[in-house]
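Visitor: I'll drop the sequence and a predicted model, then ask my questions.
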Amino acid sequence: MKKIILVSSLIVFHIVSFAQQPAVTTSKATVLTPAKPEAAGFSAERLQRIDDNINQWINDGRLNGGVALIIRNGKIVYHKAFGFDDPEKTKPIRTDNIYRIASQTKAITSVAIMMLYEEGKFLLDDPVSRYIPEFAKQQVLDKFNPADTTYTTVPAKSEVTIRQLLTHTSGISYPQIGTKEANAIYAKAQLMAGIGVDNSRSLAADVKTIARMPLMHQPGEKFTYGFNTDILGYLVEYFSGMSLDDFFRKRIFEPLGMNDTWFYLPAARHNRLVNLYVEKDKKLEKPGTMIDFNGPVYTDYPKMQNTYYSGGGGLSSTTKDYAVFLQILLNGGTYNGKRLLSRHTVRMMTMNQVGDISRGVNKFGLGFGITTETGSAILPTPEGVYEWGGAFATTYWVDPKERLIGIFYRQLWRSTFGETANKFKVLVYSALND
């Protein structure tokens, strides 16, 4: 009798233990396929609310158009385009239009550097100076005089690490769009944020110049969004011996079939790049050849023939291409028989990596914003969602619990209508019907 009880207990233990393991998607479920909403637990009637709202936002002048994509369990249940790409309303937006995804580039660069991490090229807590000597003996901003932009510094207490680049806790800010102190200090060195940079500049030179600039705070003490991922892009080149463009193309884009994701678009794809709109007096306007990115930037920079590859913001892509990239993360690092990362590395990337450091109510992983329990009280996105977006109004999120991906692409600069992205999230979760 005791043996029977013991065996029964072991069986129950194994069943419970297995049930507690995270779901792993099989290879049969890794390829994105269209499906009816009901097949993935959505209400088609409630999804119609997305159409109604986006069309209303267009009628209200909040956006000219956009593309929305929803995936659950590998099933594409919603992929629609809205509005027009031109003020004359002769060019309807299409689902295969290409968008400037700006900081959505960061997730791809983060995956690239972690692929090299898995190859044993470095450890996350290695000092950056081990590979880029200019990062040794850095200084930290102490006092700043806004009247003449002079400043004083103190020595850094520790060296910046690769992990701190991934988590934006290094103390490195952004040129042009960073803190007011960084904008002024970096401007003296003629540094740019990485978008629309022409061939007169070199990423290697810019990275080494950044290394000589003062950090905005001691390494590891605060979250400061900055040039960190461009430095990671340079490290991808250092460790791989390839340009960042070649590494992306050969190691990520070609294996995943991401044929519409580029730093600089081939001529045959130029006509699919959407126009960028700017807001002026609460109205959207199509700008001229340049936009004010706290400095002039060529509006159609993806059409340039260039060799400056910004790992922090240089890519353009489609919703479908980016969905494939996100699905590989949701699958634990594999897609359609191609493995880029182990599931353990994906787990590391999508967990809180900043401890108690504050980033509003949420946290940050290795390249992604992470929703906390507190953050989940603000919007329907639950704890554990990882997400980010781009400066030109593109956004995405991945929900491991619901096995859900949401993508919403608009193409706006300095829009005050940012609430449309959060409303889109509300509409998506309210359409779940299981």
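Guide: Thanks, I have the structure now. Numbering: from 1, shown residues only.
Visitor: how does the chain divide into domains?
Guide: For the chain, automatic domain parsing gives the domain ranges 27-112+244-430, 124-240.
Visitor: relative to residue 118, which of these is closest?
Guide: Judged by Cβ to Cβ, the one of the domains of the chain that comes nearest to residue 118 is domain 27-112+244-430, at 5.9 Å. Quick note: C-beta positions are derived from backbone N, CA and C, even for glycine.
Visitor: where exactly do the strands run in the stretch 51-200 of the chain?
Guide: Listed in chain order, the strands of the stretch 51-200 of the chain (DSSP state E, counting those that start in this stretch) span 65-72, 75-83, 99-100, 139-145, 150-155.
Visitor: how distant is the fourth one from the center of its chain?
Guide: To tie it back to what came earlier, the one meant is strand 139-145. Averaging C-alpha coordinates over strand 139-145 and over its chain gives two centres that are 30 Å apart (Cα atoms, centre = their mean, to the nearest Å).
Visitor: how about low-confidence regions in the stretch 1-150 of the chain?
Guide: Counting by pLDDT under 70, the stretch 1-150 of the chain contains low-confidence ranges at 1-29.
Visitor: want to throw the domains of the chain into TSV with distance to residue 118 and mean neighbour count?
Guide: Shown next, in TSV, are those (distance: least, Cβ to Cβ, whole Å; neighbours: other Cβ atoms under 10 Å):
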stretch	distance to residue 118	mean neighbour count
domain 27-112+244-430	6	19
domain 124-240	11	19
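Visitor: which one, of the strands of the stretch 51-200 of the chain, ends up nearest to residue 309?
Guide: Go through the strands of the stretch 51-200 of the chain one by one with Cβ to Cβ and the one that ends up closest to residue 309 is strand 99-100, at 14.8 Å.
Visitor: would you confirm that residue 77 contacts residue 71?
Guide: Yes. Using Cβ atoms under 8 Å, residue 77 is in contact with residue 71, at 7.0 Å.
Visitor: if we can go back for a sec, and of the strands of the stretch 51-200 of the chain, who's closest to residue 210?
Guide: strand 139-145 (12.6 Å).
Visitor: mind giving me the packing neighbours of that closest one?
Guide: The elements that strand 139-145 packs onto, with contact taken as 3 or more Cβ pairs under 8 Å, 6 or more residues apart in numbering; DSSP states H and E, are strand 150-155, helix 180-188.
Visitor: least confident of the ones you listed, on average?
Guide: Out of these, helix 180-188 stands lowest, with a mean of 92 (criterion: mean pLDDT).
Visitor: centroid-nearest residue for this structure?
Guide: Nearest residue to the geometric centre of the chain (Cα atoms, centre = their mean): residue 104, 3.0 Å.
Visitor: excluding its backbone neighbours, what's nearest it?
Guide: Once flanking residues are discounted, residue 104 sits nearest to residue 390: 4.7 Å by Cβ to Cβ, 6 or more residues apart in numbering.
Visitor: in contact with the one you found, which residues?
Guide: 100-105, 313 (Cβ atoms under 8 Å, 6 or more residues apart in numbering).
Visitor: any idea which of the strands of the stretch 51-200 of the chain gets closest to residue 257?
Guide: Between these, strand 75-83 lies closest to residue 257; by Cβ to Cβ that is 14.7 Å.
Visitor: what pairs with that closest one, and is each one parallel or antiparallel?
Guide: Strand 75-83 sits in its sheet next to strand 33-34 (parallel), strand 65-72 (antiparallel), going by DSSP bridges.
Visitor: which residue ranges of the stretch 301-434 of the chain form strands?
Guide: Secondary structure of the stretch 301-434 of the chain (DSSP E, counting those that start in this stretch): strands located at 316-317, 334-335, 338-339, 363-364, 369-370, 386-390, 394-399, 404-409, 412-413.
Visitor: can I get those in CSV with mean pLDDT and distance to residue 81?
Guide: Supplementary listing: these in CSV, determined by pLDDT from 0 to 100; distance: least, Cβ to Cβ, whole Å:
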stretch, mean pLDDT, distance to residue 81
strand 316-317, 99, 15
strand 334-335, 96, 24
strand 338-339, 96, 28
strand 363-364, 98, 32
strand 369-370, 98, 26
strand 386-390, 98, 18
strand 394-399, 99, 14
strand 404-409, 99, 9
strand 412-413, 94, 16
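Visitor: looking at those strands, spot the one closest to residue 424.
Guide: With distances scored as Cβ to Cβ, the stretch of these nearest to residue 424 is strand 404-409 (4.7 Å).
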